[in-house]
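Trainee: Build me a model:
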Amino acid sequence: MIRELTNHLWQSTWFAFGAGLLILALRRNRASVRFWVWFGASMKFLLPFALLTSAGQFLHRADGNPTSVPVAVASTIYEISEPFPVRPGAPLAGSAHDWLTVTMLAIWACGLVAVCLVRLRECLRIRAVVRNSRWGRWPACPVDIRFSRSLLEPAVVGVFRPVLLIPEGIEGRLTAPQLAAVVAHELAHMQRRDNLFSAAHMMVEALFWFHPLVWWIGSRLVAERERACDEEVLHAGNEPREYAEAILNVCKAYFESSLACVSGVGGSDLRERIELIFSSRTLQNMTRAKKFLVASAAAAALLLPLAIGIVNVPAIRAQAQAEKPPTFEAASIKPMDAPSGGRRGPSGGDVRITAESGLVSARYVTGRGLIREAYRLTDRQIAGGPAWLDSDGFTVEAKAAGPASTTQLRRMLQGMLKERFHFTGHFETKEMPVYVLTVAKNGPKVRELKQGDPIPNRIGHRTATPGPAMIFHASMPDFAYFLSRFDRHVDRLVVDQTGLQGIYFFGMQWGDDEDFLTVMQEEFGLKLSSQKASVDILVIDHIEKPDAN
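Mentor: Residues are numbered from 1 along each chain as shown. The predicted structure follows:
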């Protein structure tokens, strides 16, 4: 989340920087155009670049077939050599990264509340002024106005139904031409709906209060909207001198509202505004070249991310096709009754994977057991599915074209699930208790295998007299995975955080009356600590019984 926010802020910053360069090119042209450029830079903070890119990918989509798990999570599943419940990069509860995220969210929330409270106080003050005003009309004003007893400058108040608020007695402070110019200025605000656009930017300021560029853009918006209204007043035929004197007299007699969505006659840099009013630069129109420049910039801001999304679709599809699981050279799936005595092995049966010969076999395994082995998950990480997924057993014999790695054989098994079982699913994140495997206080006691030592292909355990025992070689991630499936002694998922690399020998025997976790810590120098973590859960969307062959 922090990375996505950082990328979004950088993109918005560069977009605003580009808007500033465009403003420099339009410096001598109409302020209304510059206002819209700055407003676009403001709205970019609400519109992530990735959203438009995704829209481009959607426009290029040729079919609406649902994405199955083998393609959708290929980059997540296929590259995982540590098949564990915690998503890559997902922090455990209580970690420094987690506390940093919570702290940043708390600071942002406090800033948001503070900005909203300041805005609310200003709104309530303006609302009180409006309530204490009275309706009236002027012959020279085409809209109804409200006369206020306060010293608030003439202003347009309201967002969706704006009204013109005029202080009582202003006709005694301004001449008739000056008053007409002031009213024309406020009517220009109403016609442009400046309060609505200012309110939109105020929302950006509240959400991104920590970004100084947002506040600078706000000041530029106020400046450009006032200059745009100045241009409208002069374009209507009002005398520049009378209009300039009207602005100065209003600023002397009345105070300006600090709320951006209350459009008055003051605001912006008065000296610069007066200079522009007396200058012919204010009324210069845009040349065709600059109009083309503005249109090109607006089109590029919208179409560039869409084009990136469209162009990237073939590459994404090619990558997805390249990541599709390879298939077995031959595969046989037959339904099988439960073995005598109703025993079918732990957790729905075991699947034997032999990398040297490229074989995958199971004498009796349930559908859930196949999914578990194909995605190297535990039963706790698989949700949903019909009842037969746990009751019906199958005999599976599958052979690759030649020797293959364990990862490749699992990918082939995923392809078989998709083809023969019509399996589709998706991953969801859920927080649940886990065990974290760490090194005990006195250090590890397991023996690391050296170069040339034999390493079995699979981990396992056996029962020996007088009590249970385990004898196998495995990496620490494999050992954690084994413990996650060791339901008789470990009742939750296990995450490896030992930091130990390499392959180790695990040989231990314990009595029926002994605690397995205690003996493991004494024999291996490893301990399990209870924590909470974000866990990837594979939700089964659809699966069918396969035809026997």
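Trainee: was I right about Leu359 contacting Ala398?
Mentor: Yes - using C-beta atoms under 8 Å, Leu359 is in contact with Ala398, at 7.2 Å. In short, each C-beta sits where N, CA and C put it, glycine included.
Trainee: What score does Thr424 have for pLDDT?
Mentor: pLDDT for Thr424: 92.
Trainee: same check, this time on Met412
Mentor: Per-residue pLDDT puts Met412 at 91.
Trainee: mind listing what it touches?
Mentor: Contact analysis of Met412 by C-beta atoms under 8 Å, 6 or more residues apart in numbering lists 325-328, 360, 398, 400, 404.
Trainee: I'd like those residues laid out as TSV, including neighbour count, secondary structure and pLDDT.
Mentor: Formatted as TSV, these follow (neighbours: other C-beta atoms under 10 Å; DSSP: H, G, I helix; E, B strand; the rest coil; pLDDT from 0 to 100):
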residue	neighbour count	secondary structure	pLDDT
Pro325	23	coil	57
Pro326	14	coil	75
Thr327	16	coil	82
Phe328	22	coil	88
Val360	26	strand	89
Ala398	22	strand	91
Ala400	21	coil	90
Ala404	23	coil	87
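Trainee: and of those, the nearest to Arg372?
Mentor: Nearest to Arg372 among the contacts of Met412: Val360, at 13.4 Å, using C-beta to C-beta.
Trainee: Identify the residues contacting the closest residue in space to that closest one that isn't next to it in sequence.
Mentor: Using C-beta to C-beta, 6 or more residues apart in numbering and skipping the chain neighbours, the partner closest in space to Val360 is Ala398 (4.4 Å). By C-beta under 8 Å, 6+ apart, the contact list for Ala398 reads 328, 330-332, 359-361, 412-413, 416.
Trainee: try 7 Å this time
Mentor: Shown in contact with Ala398 (C-beta atoms under 7 Å, 6 or more residues apart in numbering): 328, 331, 360, 416.
Trainee: With distance to Gly385 added, can I get those in TSV?
Mentor: Formatted as TSV, these follow (distance: C-beta to C-beta, whole Å):
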residue	distance to Gly385
Phe328	23
Ala331	21
Val360	21
Met416	17
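Trainee: For Glu523, list the residues it contacts.
Mentor: Glu523 makes contacts with 445, 508, as judged by C-beta under 7 Å, 6+ apart.
Trainee: Please report how far it lies from Val446.
Mentor: From Glu523 over to Val446 the distance is 8 Å, taken as C-beta to C-beta, to the nearest Å.
Trainee: Show the subsequent helix or strand relative to the lowest-mean-pLDDT helix or strand in the chain.
Mentor: Every helix and strand of the chain was ranked by mean pLDDT, DSSP states H and E. The lowest is helix 74-77, at a mean of 30. Where DSSP states H and E defines the elements, the next helix or strand beyond helix 74-77 is helix 96-131.
Trainee: Mind jotting down where the helices sit in the stretch 351-500 of the chain?
Mentor: Taking DSSP state H, counting those that start in this stretch, the helices of the stretch 351-500 of the chain run over residues 367-374, 388-391, 406-420, 476-484.
Trainee: Tell me which of those helices sits most buried.
Mentor: The highest mean neighbour count among those, using mean count of other C-beta atoms under 10 Å, belongs to helix 367-374: a mean of 25.
Trainee: Mind giving me the packing neighbours of that one?
Mentor: Packing partners of helix 367-374 (3 or more C-beta pairs under 7 Å, 6 or more residues apart in numbering; DSSP states H and E): strand 382-383, helix 388-391, helix 406-420.
Trainee: Apply 8 Å and report the result again.
Mentor: Identification of packing neighbours for helix 367-374 by 3 or more C-beta pairs under 8 Å, 6 or more residues apart in numbering; DSSP states H and E yields strand 359-366, strand 382-383, helix 388-391, strand 393-399, helix 406-420.
Trainee: Please name whichever of the ones you listed is nearest to Glu272.
Mentor: Closest approach to Glu272 among the helices and strands packed on helix 367-374 is made by strand 382-383 (64.2 Å; C-beta to C-beta).
Trainee: for the closest one, packing partners?
Mentor: When contacts are defined as 3+ C-beta pairs under 8 Å, 6+ apart, strand 382-383 packs onto helix 367-374, strand 526-542.
Trainee: Can you list the strands that it pairs with?
Mentor: Strand pairing for strand 382-383, using DSSP bridges, gives strand 526-542 (parallel).
Trainee: buried stuff in the strand it pairs with?
Mentor: Using 16 or more other C-beta atoms under 10 Å as the test for burial, strand 526-542 gives 526-528, 533-538, 540.
Trainee: And the closest residue to Gly158 other than its chain neighbours, how far from Arg220?
Mentor: Nearest residue to Gly158, sequence neighbours excluded (C-beta to C-beta, 6+ apart): Asn195, at 6.5 Å. To Arg220, Asn195 is 17 Å away according to C-beta to C-beta.
Trainee: pLDDT weak spots in the chain?
Mentor: Along the chain, the parts satisfying pLDDT under 70 run over 1-30, 48-98, 138-141, 258-261, 265-269, 280-325, 338-349, 452-469, 487, 512-513.
Trainee: could I get the helices and strands packed on helix 367-374 as a markdown table with distance to Met336?
Mentor: Compiled in a markdown table, the helices and strands packed on helix 367-374 are given as follows (distance: least, C-beta to C-beta, whole Å):
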| stretch | distance to Met336 |
| --- | --- |
| strand 359-366 | 5 |
| strand 382-383 | 21 |
| helix 388-391 | 12 |
| strand 393-399 | 5 |
| helix 406-420 | 15 |
